[in-house]
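Visitor: can't give you the sequence, but here's the structure:
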């Protein structure tokens, strides 16, 4: 016993390991959020999150969880420790995806039903602006300098670049059919937009003034998989820009792309109908939501290999990991 106590004391003096980060998964059909420990990969909790929770994000300080309760026409805000609902935020009808300003305020919310991007103040709980965009807005991304928010409109097949000071659209870029997600590189020099039905990812170079230039469209091909099943949805880019990961929907795979050459390097087999993606803060792992198999897959990023599957709620949609 003395030896064990001495060892514990020595470990404490030498510094404790970092605490595990919580992984939050929105379950669209189950109307819940599942919480997973990123160290043990065990499910910690599952709690009610409103009707049809989809988009999910977290405050920069890690204390508040924001959930698009699409059928409630609101954003629900939860405490990340107690899982208690703190309040709601006005969102406009049918909020689907959103992005939070790095400061924690405001939220930029895509309203699928009324063709608007709603800008909501997270402190005063008021709407700052409603920006008309194309038909069926979904994807939301924010530039590294926070001067632009990008919205993708599914039916208009465009990426709209909204000035975050004037709330005016300054650029429109036509992409392929049914754009779903917009993801900037960390340095802000590139933007990736996935097109679910078009089967491509559009790559844009971003100038210093924020203006975009379409430079490439990445397509996918997997032996034995019908082309119409290759439906790009969620996109994540490593901080160094070296790798791009794309969820391919009913193909049940995540594509691995070289961030420089834009060549597809590999396909990782995951669960059924892979939808959204999230890195752990150290980017050692990538978590996927798999809507038809009701699970998430954990991918070892360095090895580009799926290492485990975790059952969650019914039809998992969105995923976010608590920051350090």
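Guide: Happy to help now that I have it. Predicted model only: the values in this text are computed from it and were never measured.
Visitor: where do the strands sit along the stretch 201-324 of the chain?
Guide: With DSSP state E, counting those that start in this stretch as the criterion, the stretch 201-324 of the chain has strands at 212-219, 235-237, 243-247, 253-258, 264-269, 274-279, 285-290, 295-300, 305-311, 316-321.
Visitor: dump those into JSON lines; add distance to residue 141 as well.
Guide: C-beta coordinates here come from the backbone N, C-alpha and C atoms, glycine included. As requested, the strands of the stretch 201-324 of the chain are arranged in JSON lines below (distance: least, C-beta to C-beta, whole Å):
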{"stretch": "strand 212-219", "distance to residue 141": "11"}
{"stretch": "strand 235-237", "distance to residue 141": "9"}
{"stretch": "strand 243-247", "distance to residue 141": "14"}
{"stretch": "strand 253-258", "distance to residue 141": "17"}
{"stretch": "strand 264-269", "distance to residue 141": "22"}
{"stretch": "strand 274-279", "distance to residue 141": "13"}
{"stretch": "strand 285-290", "distance to residue 141": "18"}
{"stretch": "strand 295-300", "distance to residue 141": "22"}
{"stretch": "strand 305-311", "distance to residue 141": "26"}
{"stretch": "strand 316-321", "distance to residue 141": "15"}
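Visitor: out of those, the one nearest residue 132 is which?
Guide: Of all those, it is strand 212-219 that lies closest to residue 132, at 19.7 Å by C-beta to C-beta.
Visitor: returning to what we had before: mind checking which of the strands of the stretch 201-324 of the chain is nearest residue 109?
Guide: Counting by C-beta to C-beta, residue 109 lies closest to strand 316-321 out of the strands of the stretch 201-324 of the chain; the figure is 13.3 Å.
Visitor: tell me what that closest one is packed against?
Guide: Helices and strands touching strand 316-321, by 3 or more C-beta pairs under 8 Å, 6 or more residues apart in numbering; DSSP states H and E, are strand 22-27, strand 53-58, strand 274-279, strand 285-290, strand 295-300.
Visitor: with adjacent residues omitted, what lies nearest to residue 118?
Guide: residue 92 (4.0 Å; C-beta to C-beta, 6 or more residues apart in numbering).
Visitor: right, and the one you found touches residue 115 too?
Guide: No. Applying C-beta atoms under 8 Å, one finds residue 92 not in contact with residue 115, separated by 10.0 Å.
Visitor: which one's more surrounded, those two?
Guide: Neighbours were counted for residue 92 and for residue 115 using other C-beta atoms under 10 Å; residue 92 has more, 21 against 17.
Visitor: how near is the more buried one to residue 134?
Guide: According to C-beta to C-beta, to the nearest Å, residue 92 stands 15 Å off from residue 134.
Visitor: what does residue 316 give?
Guide: Residue 316 is 27 Å from residue 134, where distance means C-beta to C-beta.
Visitor: so which of these two has more stuff around it?
Guide: Neighbours were counted for residue 316 and for residue 134 using other C-beta under 10 Å; residue 316 has more, 34 against 19.
Visitor: hmm, back to that, nearest to residue 229, of the strands of the stretch 201-324 of the chain?
Guide: Closest to residue 229 of those, according to C-beta to C-beta: strand 253-258, at 9.4 Å.
Visitor: pull out the buried residues from stretch 296-306.
Guide: Across stretch 296-306, burial judged by 16 or more other C-beta atoms under 10 Å covers 296-299, 301, 304, 306.
Visitor: for that stretch, what is the average pLDDT?
Guide: In this model, stretch 296-306 has a mean pLDDT of 98.
Visitor: over to stretch 60-72?
Guide: Here the average pLDDT along stretch 60-72 is 97.
Visitor: ok, now stretch 104-124?
Guide: Summarised as a single mean, pLDDT over stretch 104-124 is 96.
Visitor: count of residues packed around the closest residue to residue 249 other than its chain neighbours?
Guide: Take residue 249 and drop its neighbours on the chain: the residue closest to it by C-beta to C-beta, 6+ apart is residue 231, 3.4 Å away. Other residues lying near residue 231 total 23 when counted by other C-beta under 10 Å.
Visitor: I'd say residue 231 and residue 253 touch.
Guide: No. Counting by C-beta under 8 Å, residue 253 is not a contact partner of residue 231; they are 10.6 Å apart.
Visitor: remind me which residues of the protein are low pLDDT?
Guide: For the chain, the stretches flagged by pLDDT under 70 are 1-19.
Visitor: and the residue nearest to residue 249, how close does it get to residue 70?
Guide: Distance of residue 231 to residue 70, computed by C-beta to C-beta: 20 Å.
Visitor: what comes into contact with stretch 103-111?
Guide: Identification of contacts with stretch 103-111 by C-beta atoms under 8 Å, 6 or more residues apart in numbering yields 55, 57, 59-61, 66, 68, 75, 89, 91-101, 117-123, 128, 137-140, 142, 149, 151, 162.
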